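Chemist: coordinates only, no sequence provided:
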């Protein structure tokens with residue numbers, strides 16, 4: 001399942017350094033804030049469903065999420081395709097938690113199924129895989145009966161709010177039946193809307209965006225029942241004109257993560273699904 005370009009990208013020293021900065025408590029830029037909000041949302045939702053659980057985190061990066069869950073009393077196993085990230089995660093793990101969380105280099109598709117997990121977390125991983133069903137099939141196989149997955153997706157609907165090139169691309173792909181020239185008209189009416197989106201270090205990789213309303217069928221095909229969607233990385237204004245404070249983002253996350261408006265304001269969403277034990 002692992003893509004060679006993805007592996008190559010996440011093994012770079014500068015990418016590891018970026019992780020350290022973005023996940024660090026001292027970082028306060030928007031990206032770092034969104035990363036922490038997304039992590040906190042996952043932890044909040046895991047705690048809602050489980051007092052204790054055996055957890056597998058796929059694509060754990062440098063380990064912050066699993067380390068924090070272990071500190072809350074959960075039994076965590078975490079894997080990543082980057083040996084550098086795994087080594088960093090091991091170094092970061094407090095001595096008192098080393099019996100509660102283990103890190104190893106691994107690919108979800110190659111994991112043996114010895115003892116199914118209560119919880120499987122994939123935070124920011126699924127966008128890199130073109131075959132979503134294959135990915136979710138692997139997730140489903142690792143869960144015990146009635147186990148749950150907590151998976152973050154990039155939100156395609158956010159493009160309608162973003163007012164940038166992503167807006168035009170979304171309209172061309174999903175709404176072209178309305179008016180094939182509507183994207184051209186928008187370009188003429190909204191100055192700068194056709195400007196290239198921000199270039200991130202992983203922008204050269206395949207990264208999909210999903211429409212939240214289409215997720216039920218996707219999960220059902222892998223024997224999982226989607227129970228709820230929470231929006232995350234919620235913006236208070238379109239990115240190209242945004243000058244909001246960190247406090248504004250925190251308030252927006254608290255207010256809209258379970259609200260219909262979050263499905264437009266959030267650039268990502270957390271999908272929580274339960275294994276269908278009857279199949």
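Modeler: That came through fine. What you are looking at is a predicted structure, and each value in this text was computed from that prediction instead of being measured.
Chemist: show me where the chain has helices.
Modeler: 4-10, 13-23, 30-49, 64-71, 83-92, 132-142, 159-162, 165-174, 182-189, 215-220, 246-256, 262-265 (DSSP state H).
Chemist: who's in contact with the fourth one?
Modeler: Residues from elsewhere that reach helix 64-71 (CB atoms under 8 Å, 6 or more residues apart in numbering): 23, 39, 42-43, 46, 55, 57, 60, 76, 78, 89, 92-94, 97, 100-101, 103, 121, 123. For every residue, glycine as well, the C-beta is placed using N, CA and C.
Chemist: circling back: possible to save the helices of the chain as JSON lines with distance to residue 148 and mean neighbour count?
Modeler: Output for the helices of the chain, formatted as JSON lines (distance: least, CB to CB, whole Å; neighbours: other CB atoms under 10 Å):
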{"stretch": "helix 4-10", "distance to residue 148": "25", "mean neighbour count": "15"}
{"stretch": "helix 13-23", "distance to residue 148": "24", "mean neighbour count": "15"}
{"stretch": "helix 30-49", "distance to residue 148": "6", "mean neighbour count": "18"}
{"stretch": "helix 64-71", "distance to residue 148": "14", "mean neighbour count": "22"}
{"stretch": "helix 83-92", "distance to residue 148": "23", "mean neighbour count": "17"}
{"stretch": "helix 132-142", "distance to residue 148": "10", "mean neighbour count": "19"}
{"stretch": "helix 159-162", "distance to residue 148": "29", "mean neighbour count": "20"}
{"stretch": "helix 165-174", "distance to residue 148": "30", "mean neighbour count": "17"}
{"stretch": "helix 182-189", "distance to residue 148": "39", "mean neighbour count": "13"}
{"stretch": "helix 215-220", "distance to residue 148": "11", "mean neighbour count": "17"}
{"stretch": "helix 246-256", "distance to residue 148": "22", "mean neighbour count": "16"}
{"stretch": "helix 262-265", "distance to residue 148": "21", "mean neighbour count": "22"}
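Chemist: distance to residue 151 and mean pLDDT added to those, as TSV?
Modeler: Formatted as TSV, these follow (distance: least, CB to CB, whole Å; pLDDT from 0 to 100):
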stretch	distance to residue 151	mean pLDDT
helix 4-10	17	56
helix 13-23	19	54
helix 30-49	10	93
helix 64-71	13	97
helix 83-92	19	92
helix 132-142	7	94
helix 159-162	20	90
helix 165-174	21	81
helix 182-189	31	72
helix 215-220	9	96
helix 246-256	18	93
helix 262-265	16	96
